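Asker: generate coordinates for the sequence data below:
(one chain, ligands or ions: 2)
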Amino acid sequence: MTKTDVLIIGAGIAGLTTAIKLARKRPDLKILVLNKTKEGETNTSYAQGGVAAVWDESFDSFEKHIADTLDAGDGLCDPEVVEIVVKEGPERVREIIGWGARFDKEDGKEEYDLGREGGHSENRILHYKDATGWEIQRTLGEEVDRHPNITLHEHYFAVDIITQHHLGFTITRVTPGIECYGTYALNRKTGKMETILAKATVICTGGTGQIYKDTTNPVIATGDGIAMTYRAKGRLENMEFVQFHPTGLYDTAGENPTFLISEAVRGEGAILKTREGEEFMKQYDKRGSLAPRDIVARAIDKEMKMRGAECMYLDCTHMDKDAFVKHFPNIYDKCLSIGIDPMKDMIPVTPACHYMCGGILVDKRGRASIDYLYACGECTSTGLHGANRLASNSLLEAMVFAHRIHLDLLDRIDDIDWQEGIPEWDTLGTKQPNEMVLITQELKELREIMSYYVGIVRSNLRLKRAMDRLWILYRETEALYSASTISPKLCELRNLITIAYLVSRSATMRRESRGLHFTTDYPEKLDFLDRTVV
Ligand code: FAD
Ligand code: SIN
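Answerer: Ligands and ions are numbered 1, 2, ... in the order given. The predicted structure is shown next:
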């Protein structure tokens, strides 16, 4: 049994920023960070476009960034949270620059080269070429190494958070005062389950993209933290709002993950076109190719279905080659590697699942509904994104909430004690699953169900089909789980089924079309606004 002051599950921008901030203020605290695979296997590392922040007030303002975020969120953002993130954001970006993050500057100048993405009314995206996330992950990794009181355990898979349930109490969704005491985690190197007790636990497990066949998210994005919180009877919200990025590279759809063509490419002037070279986005929104993502992804989906086409195209052929290669070296190389020269050929693109806007419900301090449990980053629902996230607001949100969580923890950590009497993980009656093929086949089925029935356009019939089929997968997987020793693949499958169920159920509950949720049965928006809480 390990005891730590603060346990952080996840080592992307949310987890590492929280750890660093605490460690800087309190070198005496023991901070343990778990990462289920190896360093840098995070959604964070994949981020391309950058971090949105009001940087140059000669043309930009907090009011404009707030208005753009609220507009993208389609009526469901919490305006107070939007104001907090937008106003506190620039200071958090300055901090990470102080830790060594290099964002691109204008040629020969000291000013940052600010990019633009869909839904932004001004240029405000700080970036490092088209690999901003890689640069942030590198910076944070190096900063973590400077703090001896942070321990980073790689290949540790958190299976469930520990609550009073593990002390033998019956906990339901309406039980008041549920508390978190740490986690049971599988040490993948020894194959042993370990009990990790913490005074406070912060879930930073990232996204859920792997519930779909085509996703820009790496394979770690299996929604573990959201599923764990749900099993522990914590509150979640807005799980129906799954963001599809309009421009996954068509030729890599089917690869896992799908390669992303950053929205920043459209910010620099690329235009969405049909195979015949017609610009089509202006029919859908006056902002054309730079409309918010929900609108662009739905328009592409509609055009593809109308034309029986498998993709649409991104035309960059009019752009300056040197500037393109300088800003987007990875995108340029990737296209060339599959025989597409972006300066001569249009890039074939198709929407791919990209971001989970809902998640663990947290308050403005980052506290979840379970006591001593916090959550940060993509696994949360803070109120910032509402029904659709504005591009490049995710990295910003993680930094702002990591800061808020560290402030709240500094206030209370000395008053919290470890819980006594927690039993070790019970392996009685379980054996090694001998048919791994059952797990891989169920995963394949799950991703097909979600892609066909709970995609960009939904309907009552499709959602019902999804729920019926998910129920079968759920029963089969639970039976396998209770008879098997713990394996990460089986745990991930179980978590993905939970996430898929929550997305489908929340989508069924929302009887209107708003933001990222569009259903042919209720195509209008309701006047009555509410979040979907489960
Ligand atoms: P992650 O960075 O995904 O980290 C999750 C961590 O949790 C990992 O270390 C993982 O191993 C760990 N973990 C998960 N489950 C467990 C478990 N059971 N046990 C132990 N550890 C676990 N956002 C922007 O703002 N700007 C962009 O330009 C941008 N571009 C993007 C491009 C791509 C291709 C993608 C996929 C996303 C992009 N996003 C962007 C979104 C953004 O990158 C993510 O939302 C953000 O990085 C999430 O950070 P996080 O710390 O919450 O999660
Ligand atoms: C992109 O670069 O297009 C992704 C930006 C984001 O998801 O915020």
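Asker: the strands in the stretch 251-400 of the chain, which residues?
Answerer: 271-273, 312-315, 347-356, 359-361, 373-375, 380-381 (DSSP state E, counting those that start in this stretch).
Asker: make JSON lines out of those strands and add mean pLDDT.
Answerer: Shown next, in JSON lines, are the strands of the stretch 251-400 of the chain (pLDDT from 0 to 100):
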{"stretch": "strand 271-273", "mean pLDDT": "98"}
{"stretch": "strand 312-315", "mean pLDDT": "98"}
{"stretch": "strand 347-356", "mean pLDDT": "97"}
{"stretch": "strand 359-361", "mean pLDDT": "98"}
{"stretch": "strand 373-375", "mean pLDDT": "98"}
{"stretch": "strand 380-381", "mean pLDDT": "98"}
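Asker: in a markdown table, list these along with distance to residue 527.
Answerer: For every residue, glycine as well, the C-beta is placed using N, CA and C. A markdown table is the format used below for those (distance: least, CB to CB, whole Å):
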| stretch | distance to residue 527 |
| --- | --- |
| strand 271-273 | 32 |
| strand 312-315 | 34 |
| strand 347-356 | 27 |
| strand 359-361 | 24 |
| strand 373-375 | 31 |
| strand 380-381 | 22 |
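Asker: so which of those gets nearest ligand 1?
Answerer: strand 347-356 (5.7 Å; CB to the nearest ligand atom).
Asker: tell me how far that closest one lies from the chain's centre.
Answerer: The chain centre lies 14 Å from the centre of strand 347-356; the measure is CA atoms, centre = their mean, to the nearest Å.
Asker: for it, packing partners?
Answerer: strand 242-249, helix 293-307, strand 312-315 (3 or more CB pairs under 8 Å, 6 or more residues apart in numbering; DSSP states H and E).
Asker: now the ones you listed in CSV, with mean neighbour count and distance to residue 151?
Answerer: Below are the helices and strands packed on strand 347-356 laid out as CSV (neighbours: other CB atoms under 10 Å; distance: least, CB to CB, whole Å):
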stretch, mean neighbour count, distance to residue 151
strand 242-249, 28, 34
helix 293-307, 20, 38
strand 312-315, 23, 44
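Asker: flag whichever of the ones you listed has the least confidence on average.
Answerer: Looking over these, mean pLDDT reaches its minimum on helix 293-307, with a mean of 93.
Asker: if we can go back for a sec, residue 22 is nearest to which of the strands of the stretch 251-400 of the chain?
Answerer: strand 373-375 (11.2 Å; CB to CB).
Asker: surely residue 207 is in contact with residue 379?
Answerer: Yes. Proximity of residue 207 to residue 379 meets the contact threshold set by CB atoms under 8 Å, at 7.4 Å.
Asker: overlap in contacts, the two.
Answerer: By CB atoms under 8 Å, 6 or more residues apart in numbering, residue 207 and residue 379 have these common neighbours: 223, 356.
Asker: in the stretch 51-200 of the chain, what residue lies closest to ligand 1?
Answerer: For the stretch 51-200 of the chain, CB to the nearest ligand atom, closest residue to ligand 1: residue 158, 3.6 Å.
Asker: any regions of the chain where pLDDT drops low?
Answerer: Where the chain drops to pLDDT under 70, the residues are 253, 429.
Asker: and the helices in it, which stretches?
Answerer: 13-25, 43-46, 62-72, 79-98, 132-145, 224-231, 263-267, 293-307, 321-327, 329-337, 394-412, 436-453, 460-483, 488-509 (DSSP state H).
Asker: any chance of these in TSV, plus distance to ligand 1?
Answerer: Compiled in TSV, these are given as follows (distance: least, CB to the nearest ligand atom, whole Å):
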stretch	distance to ligand 1
helix 13-25	3
helix 43-46	3
helix 62-72	12
helix 79-98	11
helix 132-145	5
helix 224-231	3
helix 263-267	8
helix 293-307	11
helix 321-327	13
helix 329-337	11
helix 394-412	4
helix 436-453	16
helix 460-483	15
helix 488-509	7
